[in-house]
Each structure stands twice: as structure tokens, then as C-alpha cells.
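*Asks:* How does the following fold in three dimensions:
(chains A and B)
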There are 2 protein chains.
Amino acid sequence: MECPGQILPAARGVAVMLRRGQAIRIENIFGSQVVDAWALSAEDPLEYASIEHTRSWNSSIFVEKGMALISIRRRPMLTMVADSSPGRHDTQLCPCSAELYQQLNCGGPHRSCTDNFHEALGRLGVTLPFTPASLNLFMNVPIAEDGGVTRVPPVSKAGDSVTLRAEMDVTVVLSACPQDITPINGADHTPRDIGFAVLDG
Amino acid sequence: MECPGQILPAARGVAVMLRRGQAIRIENIFGSQVVDAWALSAEDPLEYASIEHTRSWNSSIFVEKGMALISIRRRPMLTMVADSSPGRHDTQLCPCSAELYQQLNCGGPHRSCTDNFHEALGRLGVTLPFTPASLNLFMNVPIAEDGGVTRVPPVSKAGDSVTLRAEMDVTVVLSACPQDITPINGADHTPRDIGFAVLDG
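*Replies:* Just a heads-up that it's a prediction; the model follows:
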């Protein structure tokens, strides 16, 4: 059974509780929008998806169909069971933050994935004193031979989606990335809405 | 002025407080030993070196001479001011942990970089409810075109060293990695001692 799809407005965040076996499908409605994603155990938010343990578990710097997001305690939290995009979801770069936008000289306040993460969790009454690294869905960060990284528009198409299945009761946090200074959300530097739907197992 | 050098015994951890302007030189005495490294602000341990912000700041997946380790609040904490090794210090993989060794079927308790981190901080009266990603000095993790990673012995030589200068008052935590199942600490799978010395600015 699939619950009705919902819209995550551009530059906003949402926290979604999944029971084990449920899944969340994240749709890149316009094709050009990056989604920062996190997972926390419903029982203990200090058991969070660790991107460095995820790379270790999968022996890969990418998260691809069939791979799992792994907790800091080495337990699978979410499995990527479908991906209609070309993939190469970024695991290298930080979620954007207020301080990052100050350093980009954006002038004045700016929404950020870090703030979206904490605000979305706060609406569920959950607080964390730090910000884990995020899985950056659809984010296109080519890595050169010398280790240099660049920030370029997504290669995904409008309607591409990723589906993550919960391997435990879990809170998934999504942020439709507000970045409008680099071209990471498209050549027109315009953050856009994302679709998501909860699927029962 | 250089304080007398000290030995960090194989498979152990240490926390060293540096004032701004001081530096720590970490010597790979035998050439084959990986050192997991962390940094925390002396004022607030929740301002820790974030490997994902470090990659973002440097636009590089490696930390090389001249690059800084960046805090979760986007402030430089440590700068790598010298590196006599061939570099390519890993930023991809997690510090090893008790759970990881269970999954490697090592049988029974096993020292780990994660436990070394918390034990070393605990000796200074500092506690953190999570384990940040580490900078894995001398650790050789080649990345294939498809994103796959392998764990192979260091390319450093006996006596190679890295020097990190403090850009703020900081607690540096080092762990001489206890990994003896993969060849990450040398083809003979033998964790070894590390040398370190504090250098005044």
C-alpha cells in the first residue's frame, strides 16, 4: 500500500517516521534538486546513519541500489531498493550550514540543510547536539584523480526517484537543499520542490 | 622549542592539548602504522573537526600539506604544515570499533580506534555521546573508478611524519590503529608504536 505522495517545499526539511519494512520514495520532480538525507533509530537518536561506516560496510564511496546505510553501531538502517536516477549520490560533502553561507558572502540569513535537519527533528521532539554527515541524494560531485572535487548540476532527470527501505524503526530526515550560490541544484541555481511517499512493506 | 618526543604504544590512544600556535608532529616510526586523528575545541568539545566540512573547505577528498581540518562550525582547527610521507591520508573510512571487529569474526574483545578515542578523552574528563569521523593518517585506501575502495598497506616509509599546527586551543586525539585482520597496518598485520612530539610555535 502506498500513502498519498507529499511535497517537500524547496529549501525546507521534513522528518518522517518509518516502521521496519516500510519504505520512502523520494522523487526528484524537476530533476535538478539535491536532497540531503539522514536516518536515526526511532529508539535512540544517537544511533544515526554514519556515512563513514556506510562507505566501510559497502566498500564503496557511493551508495547504490542494493546497498545499505549503516548506523554508527554497524547495523543496517535503510537499504536503497530502487534508484531510477544515474546514481553517484554524493557522500563526500557536508550539509550546508549558516556558517557556510556566511563564508559564501550570501549576505544576511540563509536557509540551510543543517538548520532544516534540526528544525525537522525538533518538530518530533528530538534533539541532537551535533549534525551527522548526510547522504546527498542526486548530488553530483565528480572527484578528480588528484582528489579534487567539483560541484556541478545533477545528472538526474525530472521524475527520477530513489526508494529507501527501513531495516529498523527509523526517523528519516530529508532536506530539499537551499543552495542557490553554487550550481549544485541546477545551472539556474534555483532550489525546487521534492516529492516523497511512504510505502508499506 | 620542541618538547621531548613520546611513544604512543601500538593499539593505544592518547589525547594531547595544544594551545593555538603549537603543533604536534606524528612520526610513523616503522612506516606501516595508521593513526586515526581527531580534534576538538578546548572550549567546547562539541566543536569537533568534521571530515565532511574539511573536504568541502579544501575541495579535496584528501588532506594534504597546507590544508586545514575544519570544525563543524566552519573554523580551521589544525593545519597540516608538514608531511614527509607520500600522503593520500584517508578520509573515507570509519574508525574501527568493537562492533566492526565482531563482524570481522575476530572472536572475543578487540581494542579499537573508537574505544581509544573515548578512553583518551575520558582521561581528560571529556565525554562525547558519539564518535566523529576520523582523519586516517598514513592509511592507504585506493578508490576505483566505480567508487569501490580497497584496504592496502601504507605507502609511507619508516620515519615519515606529519605535523599539524593548532589554529585554536584544541584537544588532538590520536589512536595507533589496532587493526590486525586487514593489511591496513602493513602486510604482516601487526600494529606498531607511533611517535609524537609537541612543538611550540
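*Asks:* for the helix or strand hosting A:A37, packing partners?
*Replies:* Using DSSP states H and E, A:A37 falls within strand A:35-41. On a contact count with 3 or more Cβ pairs under 8 Å, 6 or more residues apart in numbering or on different chains; DSSP states H and E, strand A:35-41 meets strand A:23-28, strand A:76-83, helix A:113-122, strand A:135-137, strand A:170-176. (Glycine included, C-beta is placed from N, CA and C.)
*Asks:* Next secondary structure after the last one?
*Replies:* Sequence order places strand A:194-199 as the next helix or strand after strand A:170-176, per DSSP H and E.
*Asks:* Would you confirm that A:D193 contacts A:A10?
*Replies:* Yes. Judged on Cβ atoms under 8 Å, A:D193 makes contact with A:A10 at a distance of 5.2 Å.
*Asks:* what do those two both touch?
*Replies:* Shared contacts of A:D193 and A:A10 (Cβ atoms under 8 Å, 6 or more residues apart in numbering or on different chains): A:33, A:176.
*Asks:* so who does the residue of chain A most remote from its centre touch?
*Replies:* Farthest-out residue of chain A from its mean C-alpha position, per Cα atoms, centre = their mean: A:D146, at 26.4 Å. When contacts are counted by Cβ under 8 Å, 6+ apart, A:D146 is found next to B:S60.
*Asks:* The strand holding A:A37 vs strand A:194-199, what angle?
*Replies:* 30 degrees (axes from the mean of the first three to the mean of the last three Cα atoms, to 10 degrees).
*Asks:* re earlier: and the residue farthest from the centre of chain A, how far from B:V14?
*Replies:* Here the criterion is Cβ to Cβ, to the nearest Å. By it, A:D146 lies 32 Å from B:V14.
*Asks:* Over to A:M80?
*Replies:* 39 Å.
*Asks:* Likewise for A:G108?
*Replies:* 44 Å.
*Asks:* So if I had to pick from the two, which one is more boxed in?
*Replies:* More crowded of A:G108 and B:V14, by other Cβ atoms under 10 Å in any protein chain shown: B:V14, with 19 against 6.
*Asks:* Return the list of strands paired to the strand or helix carrying the more buried one, each annotated with direction.
*Replies:* Element membership for B:V14, per DSSP H and E: strand B:13-18. Partners of strand B:13-18 in the sheet, by DSSP bridges, are strand B:170-176 (antiparallel).
*Asks:* which regions of chain A sit below the pLDDT cut-off?
*Replies:* A:1-3 (pLDDT under 70).
*Asks:* run the last query once more with 50
*Replies:* Chain A contains no residues with pLDDT under 50.
*Asks:* Show residues contacting stretch A:4-19.
*Replies:* So stretch A:4-19 is contacted by A:24, A:27, A:33, A:35, A:42, A:111, A:113, A:115-117, A:119-121, A:123-124, A:126, A:166, A:169-178, A:191-198 (Cβ under 8 Å, 6+ apart).
*Asks:* List the contacts of A:G186.
*Replies:* By Cβ under 8 Å, 6+ apart, the neighbours of A:G186 are A:30, A:32-33, A:153-154, A:192.
*Asks:* Of those - the most surrounded one?
*Replies:* Of those, with other Cβ under 10 Å as the count, A:Q33 tops at 29 neighbours.
*Asks:* distance of that one from chain B?
*Replies:* 19 Å (Cβ to the nearest Cβ, to the nearest Å).
*Asks:* again with A:L46
*Replies:* Taking Cβ to the nearest Cβ, one finds A:L46 at 6 Å from chain B.
*Asks:* what's the answer for A:Y101, then?
*Replies:* 10 Å.
*Asks:* And A:S59, by the same measure?
*Replies:* In terms of Cβ to the nearest Cβ, A:S59 sits 5 Å off from chain B.
*Asks:* repeat for A:M139
*Replies:* In terms of Cβ to the nearest Cβ, A:M139 sits 12 Å off from chain B.
*Asks:* isn't that residue right up against A:L93?
*Replies:* Yes. Counting by Cβ under 8 Å, A:L93 is a contact partner of A:M139 at 7.3 Å.
*Asks:* and the strand holding B:V14, how far from the chain's centre?
*Replies:* 11 Å (Cα atoms, centre = their mean, to the nearest Å).
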